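Enquirer: 3D, please:
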Amino acid sequence: MTTTTVDLAAVKARQQATWASGDFSEIATTIVSAAERLVDAADLRAGASVLDVATGSGNAAIAAARLGCRATGVDYVPSLLERGRERAAAERLAIEFVAGDAEDLPFADASFDAVTSIYGVMFAPDHARTATEIARVASPGATIALASWTPEGFLGAMFRTIGAHVPPPAGVASPLLWGTEGHIGEIFADRVEWTAHERRNFTFRYPSPEAFVAFFATYYGPTHKAFEALGDSGEELRSDLEELAREWNRLDDEAGAIAIDGEYLESIGRRV
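Expert: Numbering: from 1, shown residues only. Next comes the predicted model:
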């Protein structure tokens, strides 16, 4: 039997380039409400030290700071961290944004009263190592709050559609596994006691399927890179994504507006 060894460092380097492409901060602006919902569900306490991992341009870090928390955001894309600093400055929020990898967090053990991540750590290639790092920097009794797209939801369908045109790296676990209770329980093991897993929806709203695909093709790293890789043959992917948006649209709007419910798993736990 032949065993294939996956070069996770090379995968991570490609992923970093992917998330640095487009401009995820434009996407993040449209999903702010999900971050607000996550920190509220986590019942974060004013004055608590909170780390938001894979923060991007800072949605959950900013949401935590608005609650009076001492917030820190960490990400490996410098341009997104700079956007986060701009947003925090505009709201006069004291947030520290730090360059760092979710699989090797640049913080001491037991540094934070809470650790959050929204649609972020799920994309780290080494799931078990990422979970270990989250648990390591969380103090005993600290709150862990995660939001991850589910395999059954719209984002799962979207990634499968993209993957049919540009296959994902072989041998790397799907990020969508973070959207399942079993996988979360497995990778965190006995380090975290989960108190709630809730399936929630975030509604994507765009003027049309075409507008949705154009926006994601321009700003969302995985979609942007897929179209870049396909070049002139990307029109078939564009057509498939537009059709997917039509299939998932729950509106009957003659003007063409769409509303797509994107399911995600909200997981709240306590560091043991």
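Enquirer: I figured S111 was touching A135, is that so?
Expert: No - counting by C-beta atoms under 8 Å, S111 does not reach A135; the two are 11.9 Å apart. The C-beta positions use only the backbone N, C-alpha and C, and glycine is treated the same way.
Enquirer: who has more neighbours, those two?
Expert: Shown here are S111 and A135; by other C-beta atoms under 10 Å, A135 has more neighbours (22 against 16).
Enquirer: Wait, that one touches F188, no?
Expert: Yes - A135 lies in contact with F188 (C-beta under 8 Å); the separation is 6.3 Å.
Enquirer: where do the contact lists of these two overlap?
Expert: Common contacts of A135 and F188 (C-beta atoms under 8 Å, 6 or more residues apart in numbering): I144.
Enquirer: Identify all contacting residues around stretch 172-182.
Expert: So stretch 172-182 is in contact with 6, 8, 11, 121-123, 125, 127, 146, 148-151, 153, 155-156, 159, 168, 183-184, 194, 197, 263-265, 267, going by C-beta under 8 Å, 6+ apart.
Enquirer: tell me the contacts of the spatially most central residue of the chain?
Expert: In the chain, the centroid-proximal residue (C-alpha atoms, centre = their mean) is Y119; its distance is 1.7 Å. Applying C-beta under 8 Å, 6+ apart to Y119 gives the contacts I31, A34, A147, S148, W149, Y264.
Enquirer: just checking, which of those belong to strands?
Expert: A147, S148, W149, Y264 (DSSP state E).
Enquirer: The third one - how many residues pack around it?
Expert: A count of neighbours around W149, defined by other C-beta under 10 Å, yields 23.
Enquirer: Find the residue closest to it in space, skipping its chain neighbours.
Expert: Leaving out its chain neighbours, the residue that sits closest to W149 by C-beta to C-beta, 6 or more residues apart in numbering is L155, at 3.8 Å.
Enquirer: pLDDT at that neighbour, what is it?
Expert: As predicted, L155 sits at a pLDDT of 98.
Enquirer: isn't it right up against G262?
Expert: Yes - counting by C-beta under 8 Å, L155 does reach G262; the two are 5.5 Å apart.
Enquirer: overlap in contacts of these two?
Expert: Both L155 and G262 are contacted by W149, under the criterion C-beta under 8 Å, 6+ apart.
Enquirer: ok, the nearest residue to D190 once chain neighbours are set aside - how many residues close by?
Expert: The shortest distance from D190 to any non-neighbouring residue, by C-beta to C-beta, 6+ apart, is to V272 (6.4 Å). Other residues lying near V272 total 14 when counted by other C-beta under 10 Å.
Enquirer: What are the neighbouring residues in contact with V272?
Expert: By C-beta under 8 Å, 6+ apart, the contact set of V272 is P140, D190, R191, V192, E193.
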